[in-house]
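Peer 1: Pasting a predicted model and its sequence here:
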Amino acid sequence: MAQKRSAKLDPRLAATAALVRPDAIFADIGCDHGYLAIELMRQGAVRGYACDINPGPLASAQKNIEQAGFSAQIQTVLTDGLQGLEQYPITDVTIAGIGGEVITDILKQAAFLKKPGIRLILQPQSREHILRSFLFENGFPIFHEQALRSGRYTYVVFAAEYTGECRKLSLLESYCGMLPEQHTAESKEKLLRTAGFIKDIAEGLSHRGNAEEAAQLLTVYQQILTITDNLLNN
């Protein structure tokens, strides 16, 4: 049997892996090179499905999985998002390195995620406010959120499970999530980047004559600046 090799994960994927439960049966969506799936097996997962929409990355993942010695435990699946995976007894779903809008579209098409006990571990590359709003409005409250630095940028990783309790987030909640509660340099940096993003959107709306919507966003912008001023001082 091939020797099992340690997968080298960047901080985004390492934070994602840390939220997958021991003894999980996982589905890694958009698996790319397969390193996350390999690491999850090393951490004690029972079985996994490494999924991608593109044959090229999936072939690369299959090769890496075989070399790591996990070909009997990890099945590669050519699929669009989570389509067709309802047949498997999945307990944990990971989606990392994809935009928040795309992750939202993937989740919308997977009704089986509303089964009790399925954990979603999500690491959006952008527009995480869209994903936060979707999760809460559709009964998947986020119970863990972390800001982290990877390379030159800061990202967030979420963990959520279906409870059926739906609520609409305020604009501030959708853009900030749990980050104001975390007294870390990474949270402050992510919030400041978010504030800059909101300001740019507001200025664009103002130029197009959408004064009311622009004003709402500028209020959120100012609220975030106040939060960041206090974040590491309390």
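Peer 2: That came through fine.
Peer 1: C-alpha from now on. contacts and neighbour counts both.
Peer 2: Noted.
Peer 1: Contact partners for the closest residue to residue 11 other than its chain neighbours?
Peer 2: Spatial nearest neighbour of residue 11, chain neighbours left out: residue 150 (5.5 Å); criterion: CA to CA, 6 or more residues apart in numbering. Residues near residue 150 by CA atoms under 8 Å, 6 or more residues apart in numbering: 10, 11, 12.
Peer 1: Same question for residue 205.
Peer 2: Residues near residue 205 by CA under 8 Å, 6+ apart: 211, 213, 214.
Peer 1: My reading is that it lies in a helix. Confirm?
Peer 2: Yes: assignment of residue 205 by DSSP: H, G, I helix; E, B strand; the rest coil places it within a helix.
Peer 1: From residue 213, how far off is it?
Peer 2: Relative to residue 213, residue 205 is positioned 7 Å away (CA to CA, to the nearest Å).
Peer 1: same question, residue 60
Peer 2: From residue 60 across to residue 213, the span is 46 Å (CA to CA).
Peer 1: Mark out where each domain of the chain begins and ends.
Peer 2: Here the domain parsing of the chain from automatic domain parsing is 1-169, 170-234.
Peer 1: pLDDT on the last one, on average?
Peer 2: Yep, that's domain 170-234 we're talking about. Mean per-residue pLDDT for domain 170-234: 92.
Peer 1: so how far is it from its chain's centroid?
Peer 2: 20 Å (CA atoms, centre = their mean, to the nearest Å).
Peer 1: pLDDT below threshold where in the chain?
Peer 2: 1-7, 234 (pLDDT under 70).
Peer 1: Show me where it has its helices.
Peer 2: 11-18, 35-42, 55-68, 100-108, 128-137, 171-176, 185-207, 211-231 (DSSP state H).
Peer 1: Can I get the ones you listed in CSV including distance to residue 78?
Peer 2: Below are those laid out as CSV (distance: least, CA to CA, whole Å):
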stretch, distance to residue 78
helix 11-18, 21
helix 35-42, 15
helix 55-68, 7
helix 100-108, 15
helix 128-137, 24
helix 171-176, 33
helix 185-207, 34
helix 211-231, 40
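Peer 1: just the ones you listed: most buried one?
Peer 2: helix 35-42 (a mean of 23; mean count of other CA atoms under 10 Å).
Peer 1: ok now that helix, how far from the chain's centre?
Peer 2: So, by CA atoms, centre = their mean, the centroid of helix 35-42 is 17 Å from its chain's centroid.
Peer 1: again, but for stretch 87-99
Peer 2: From the chain centre to the centre of stretch 87-99 is a distance of 10 Å (CA atoms, centre = their mean).
Peer 1: tell me how far the ends of that stretch are from each other?
Peer 2: Stretch 87-99 has an end-to-end distance of 26 Å (criterion: CA to CA).
Peer 1: now what about that stretch, what contacts it?
Peer 2: Under the criterion CA under 8 Å, 6+ apart, residues 12-13, 16, 20-21, 24-30, 103, 117-128 lie in contact with stretch 87-99.
Peer 1: Which of the residues in it are classified as buried?
Peer 2: 90, 91, 92, 93, 94, 95, 96, 97, 98, 99 (16 or more other CA atoms under 10 Å).
Peer 1: which strand residues sit across from the fifth one in the sheet?
Peer 2: In this structure, residue 94 has the following beta-bridge partners (DSSP bridges): residue 28, residue 121.
Peer 1: Which residues are in contact with the closest residue to residue 175 other than its chain neighbours?
Peer 2: Setting aside the residues directly before and after it, residue 175 is nearest to residue 129 in space (CA to CA, 6+ apart), at 4.7 Å. Shown in contact with residue 129 (CA under 8 Å, 6+ apart): 100, 174, 175, 176.
Peer 1: Thank you, goodbye.
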